[in-house]
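J.: Show me how the following folds:
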Amino acid sequence: MDHESSDNTNRTFSDPVSSSYLTADKDTEFLQRDELRPIRVGLELLKPELIQREEGIRSTIVVFGSARIQEPAVMEQALRKAEEEAIQFPYDKEKQRKVAIAKRQLTLSTYYDVAREFARLVSSTCQIDGRCEYVVVTGGGPGIMEAANRGAADIHAKTIGLNISLPHEQNPNPYVTPSLSFQFRYFALRKMHFLIRAKALVAFPGGFGTLDELFETLTLLQTGKTDHVMVVLVGRAFWERLINWEYLVENGLIAPNDLNLFHYAETAQEAWELIARNNGVPLV
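T.: Model (predicted):
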């Protein structure tokens, strides 16, 4: 008697019908489940750590600053464009506001050159004879981050970028060493990797992201959770207008000696000399 063929007639073990047949490490959909978050966190901590060990990265200097501060030539073009639009719409207050902002950002663009020079200076001093000390690490994005990675790339030194997955597109800048270009899912793990090998944090003018990393590092220093990271703020006039440190002291919100947790610098050379002296690095 003939029997109707079933769906299982031609099925083989090499043609599974369900993801359940995949081994757990190859099931990417399974690895994205909420219950697997602890596993993902562990992997995200371990992967960059192992790669940096393999690349011989012994210590780093973290550079933070605005993604919106481009090099002077770019900022000049942005100002010209804003001025042209303002001329076309002389009564548009928003157009006038953009001109004012463009002028301020052109002034701030000098820090792009300072960040680039700083990274070039540090990398040329500390990455010699195969050593990878004080390797410049940034968030891997544009602006000041790009400048710092670019300064190291100028002399063909290694430089690290720690990008983060965001709702809007963020791509690593072209100056990050390809084998040291990382992407993180979790801000917490990215923050840890910024500081694991850090000997210093150099903060240029920036916005929320820069302030977030700066204050987190200052808190770790204040509470004694770390004691090996030197904080250097580049551009004293900017930082003192942005943050009234003395007001915090006057109100008893921080101790007077907490003001010793950071230092000011104006130039690349000054910033590097502060860090070098603090860490016993000979100055050439």
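
J.: Sketch out the strands for the stretch 51-200 of the chain, chain order is fine.
T.: Ranges of strands in the stretch 51-200 of the chain, per DSSP state E, counting those that start in this stretch, are 60-64, 135-138, 160-164, 181-184, 198-203.

J.: Would you mind saying which of the ones you listed lies nearest Ala24?
T.: strand 181-184 (22.5 Å; CB to CB). To be clear about C-beta, it is placed using only N, CA and C from the backbone, and glycine gets the same treatment.

J.: in its sheet, what does that closest one sit against?
T.: Strand 181-184 pairs in its sheet with strand 160-164 (parallel), by DSSP bridges.

J.: distance of Arg53 from Phe194?
T.: 17 Å (CB to CB, to the nearest Å).

J.: again with Leu248
T.: Distance from Leu248 to Phe194, by CB to CB: 24 Å.

J.: between those two, who's got more neighbours?
T.: Set Leu248 next to Phe194 and count neighbours by other CB atoms under 10 Å: Phe194 wins out with 22 against 14.

J.: Wait, that one touches Ile164, no?
T.: No. In this structure, Phe194 is not within contact of Ile164 by CB atoms under 8 Å, at 11.0 Å.

J.: quick one: common contacting residues for the two?
T.: Shared contacts of Phe194 and Ile164, defined by CB atoms under 8 Å, 6 or more residues apart in numbering, are absent.

J.: residues touching Ile144, list them.
T.: Each residue near Ile144 by CB under 8 Å, 6+ apart is listed here: 63-67, 69, 111-112, 115, 138, 204-206.

J.: ok, now Gln183?
T.: Gln183 makes contact with 163-165, 172, according to CB under 8 Å, 6+ apart.

J.: Max pairwise distance over these: which two?
T.: The span of the contacts of Gln183, defined through CB to CB, is set by Ser165 and Pro172 at 12.0 Å.

J.: and the closest residue to Gly143 other than its chain neighbours, how many residues sit next to it?
T.: Counting by CB to CB, 6 or more residues apart in numbering, Ala67 is the residue found nearest to Gly143 once chain neighbours are left out, at 4.0 Å. Residues within reach of Ala67, counting by other CB under 10 Å, total 18.

J.: now the closest residue to Leu189 other than its chain neighbours, what's its secondary structure?
T.: Counting by CB to CB, 6+ apart, Glu44 is the residue found nearest to Leu189 once chain neighbours are left out, at 4.5 Å. At Glu44 the chain is in helix, as set by DSSP: H, G, I helix; E, B strand; the rest coil.

J.: could you measure Glu44 against Ala203, distance?
T.: Glu44 is 25 Å from Ala203, by CB to CB.

J.: okay, the two: which has more neighbours?
T.: Neighbour count, other CB under 10 Å: between Glu44 and Ala203, Ala203 has more, with 23 against 20.

J.: so who does that one touch?
T.: Counting by CB under 8 Å, 6+ apart, Ala203 makes contact with 64-65, 210, 213-214, 231-234, 239.

J.: Just give the closest residue to Gly206, not the sequence neighbours.
T.: Ser66 (4.0 Å).

J.: For that neighbour, the count of nearby residues, please.
T.: Number of residues near Ser66 (other CB under 10 Å) recorded here: 22.

J.: and what of Lys93?
T.: Using other CB under 10 Å, Lys93 has 9 neighbouring residues.

J.: cool, and Asn278?
T.: Neighbour count of Asn278, defined by other CB under 10 Å: 14.

J.: Equivalent analysis for the one 4 residues further on, please.
T.: Pro282: 7 surrounding residues under other CB under 10 Å.

J.: That one in helix, strand or coil?
T.: Under three-state DSSP, the three-state class of Pro282 is coil.

J.: For the closest residue to it other than its chain neighbours, pull up the helix or strand it's in.
T.: Distances taken as CB to CB, 6+ apart put Ala276 closest to Pro282, at 7.6 Å, once the chain neighbours are dropped. In this structure, Ala276 sits in helix 268-279 according to DSSP states H and E.

J.: which helices and strands sit right next to that helix?
T.: In terms of contacts (3 or more CB pairs under 8 Å, 6 or more residues apart in numbering; DSSP states H and E), helix 268-279 is packed against helix 110-126, strand 198-203, strand 230-234, strand 262-265.
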